[in-house]
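1. only geometry, no sequence info:
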Ligand SMILES: *Cc1c(COP(=O)(O)O)cnc(C)c1O
């Protein structure tokens, strides 16, 4: 039975990646040992780490001035680790509040210094991306969230800023081509678009580190992890291995240019369908800021919710329920979700509209 997996996270992974990952759990690299029971300092695992890092460099086109780290603690740990490493003692940082995750990032930054929220879309339940904001001169960095997983909005152009630019890309990393060199630090929990839960990708420009004048606890210090090659302590070997396989899958299929085409087609099909059925559905995000990854929508007549849910179930459409703070539905269309699944969803939506709207 083919299940159409629209989960918002942990999200869908390519079938061939899951196949290879499951094989490595039993017999990794022909060693007759599991990936889970060998030293992370073995040549076999070192090769995995090296390859994962090289694939990130290759896909982003970033050079030696950047370091690639695979850490733990989720993107949520980065909410704290970023200000710890980049906010000067007594310094300040500028944040844009575009939703739940940005709000949590702001909460942590406020514990370490002067965190100024320079723009917010909270006035409209985060259904748009603010524009025309500028980080005040002298702030240590500007922090944005490229894709707002819960509210279904995404930056389609990035702000210009004189200082450092930091971005939480947890839910749209490697979903499209972009100029990654605009950013000084990028972080992403793996489990939305890159791998399983348990590791967080951090891409950081080396020269920005070591300038805060504060003492950084060892495990939170990026420089410690750079020096240790992401192995200062035992790395999460399985999430890193599966992330490596997913990055390899992406590269072998044609990289970011390829996936951008696939993701463009999926979101076009989905939003065209929503917009063509206004009597049945309404998208919740401002049109120009709609996310290609997480499409949020509600039923025009919510009393028909049980009918719609039953039709989704009959079509094997899984995990479409919206986050409680928005309600309705959310179609997460991460990289590994095929266009075919979006087509099945759109067919159900048309059928529902014909019957009930
Ligand atoms: C899911 C998510 C997070 C939180 O990630 P964890 O790995 O669970 O800490 C942060 N930011 C964004 C944009 C997310 O989608």
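-> Right, received. Where do you want to start? Model, not experiment: these values are computed from the prediction.
2. Next up, phi/psi of the residue in the stretch 1-150 of the chain that the ligand sits nearest to, please.
-> Of all residues in the stretch 1-150 of the chain, residue 74 sits closest to the ligand, at 2.6 Å by Cβ to the nearest ligand atom. The C-beta positions use only the backbone N, C-alpha and C, and glycine is treated the same way. Note on residue 74: its backbone torsions stand at phi 70, psi 180 [degrees, to the nearest 10].
3. right, and it touches residue 190 too?
-> No: look at residue 74 against residue 190 with Cβ atoms under 8 Å: they stay out of range, at 9.0 Å.
4. Quick one: residues contacting the residue of the stretch 151-300 of the chain found nearest the ligand.
-> Proximity of the stretch 151-300 of the chain to the ligand (Cβ to the nearest ligand atom) peaks at residue 189, 2.9 Å away. If you count contacts by Cβ atoms under 8 Å, 6 or more residues apart in numbering, residue 189 has them with 9, 74-76, 170, 197, 200.
5. Please repeat the previous calculation with a cut-off of 7 Å.
-> Residue 189 sits next to 74-75, 170, 200 when contact means Cβ atoms under 7 Å, 6 or more residues apart in numbering.
6. Tell me the residues of this protein that contact the ligand?
-> By the rule Cβ under 6 Å from any ligand atom, the part of the chain lying against the ligand is 9, 74-76, 101, 145, 149, 168, 170-171, 189, 192.
7. can you put these in CSV and add secondary structure?
-> Converted to CSV, the residues of the chain next to the ligand look like this (DSSP: H, G, I helix; E, B strand; the rest coil):
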residue, secondary structure
9, coil
74, helix
75, helix
76, helix
101, helix
145, strand
149, coil
168, strand
170, coil
171, coil
189, strand
192, coil
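8. Just the buried residues from those residues, in PyMOL please.
-> In PyMOL, a selection of the buried entries from the residues of the chain next to the ligand looks like this (16 or more other Cβ atoms under 10 Å):
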select buried, resi 9+74+75+101+145+149+168+170+171+189+192
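9. about what we covered before: my read: the residue of the stretch 1-150 of the chain closest to the ligand touches residue 200, true?
-> Yes: the pair residue 74 and residue 200 qualifies as a contact (Cβ atoms under 7 Å) at a distance of 5.8 Å.
10. show me the contacts for residue 317.
-> Applying Cβ under 7 Å, 6+ apart, the residues near residue 317 are 4, 6, 344-345, 348.
11. Determine which two of the residues you listed are furthest apart.
-> The span of the contacts of residue 317, defined through Cβ to Cβ, is set by 6 and 348 at 11.6 Å.
12. These two: who's more crowded?
-> Each of residue 6 and residue 348 had its neighbours counted (other Cβ atoms under 10 Å), and the higher figure belongs to residue 6 (25 against 19).
13. Which secondary structure elements does the helix or strand containing residue 258 sit against?
-> Per DSSP states H and E: residue 258 is located in helix 255-276. In terms of contacts (3 or more Cβ pairs under 7 Å, 6 or more residues apart in numbering; DSSP states H and E), helix 255-276 is packed against strand 281-283, strand 294-299, helix 339-356.
14. Can you say which of those is packed in most?
-> strand 294-299 (a mean of 24; mean count of other Cβ atoms under 10 Å).
15. can you pull the contacts of the spatially closest residue to residue 207 that is not a sequence neighbour?
-> Closest residue to residue 207 apart from its sequence neighbours, by Cβ to Cβ, 6 or more residues apart in numbering: residue 65 at 6.8 Å. By Cβ under 7 Å, 6+ apart, the residues touching residue 65 are 205-207.
16. Just the helices from the stretch 101-250 of the chain, written as ranges.
-> Ranges of helices in the stretch 101-250 of the chain, per DSSP state H, counting those that start in this stretch, are 222-227, 237-253.
17. Serialize these to a markdown table and add fields for mean pLDDT and mean neighbour count.
-> Output for the helices of the stretch 101-250 of the chain, formatted as a markdown table (pLDDT from 0 to 100; neighbours: other Cβ atoms under 10 Å):
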| stretch | mean pLDDT | mean neighbour count |
| --- | --- | --- |
| helix 222-227 | 98 | 17 |
| helix 237-253 | 98 | 22 |
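18. Serialize the ones you listed to JSON lines and add fields for distance to residue 331.
-> Converted to JSON lines, the helices of the stretch 101-250 of the chain look like this (distance: least, Cβ to Cβ, whole Å):
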{"stretch": "helix 222-227", "distance to residue 331": "35"}
{"stretch": "helix 237-253", "distance to residue 331": "21"}
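19. nearest to residue 115, of these?
-> Among the helices of the stretch 101-250 of the chain, helix 222-227 comes nearest to residue 115, with 19.1 Å by Cβ to Cβ.
20. by contact count, what packs against the closest one?
-> With 3+ Cβ pairs under 7 Å, 6+ apart as the test, helix 222-227 has strand 66-71 packed against it.
21. Within the sheet, what are the partner strands of the strand it packs on, with directions?
-> When pairs are called by DSSP bridges, strand 66-71 turns out to pair with strand 200-205 (antiparallel).
22. what about the strand it pairs with, distance to the chain center?
-> Distance of strand 200-205 from the chain centroid (Cα atoms, centre = their mean, to the nearest Å) equals 13 Å.
23. what sits up against it?
-> For strand 200-205, using Cβ under 7 Å, 6+ apart, the contacting residues are 56, 60, 62, 65-75, 77-78, 173, 184-190, 194, 222.
24. Buried ones from the residues you listed, can you make that a ChimeraX selection?
-> Applying 16+ other Cβ under 10 Å to the contacts of strand 200-205, the buried members can be selected in ChimeraX as follows:
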select :56,60,62,66,67,68,69,70,71,73,74,75,77,78,173,184,185,186,187,188,189,190,194,222
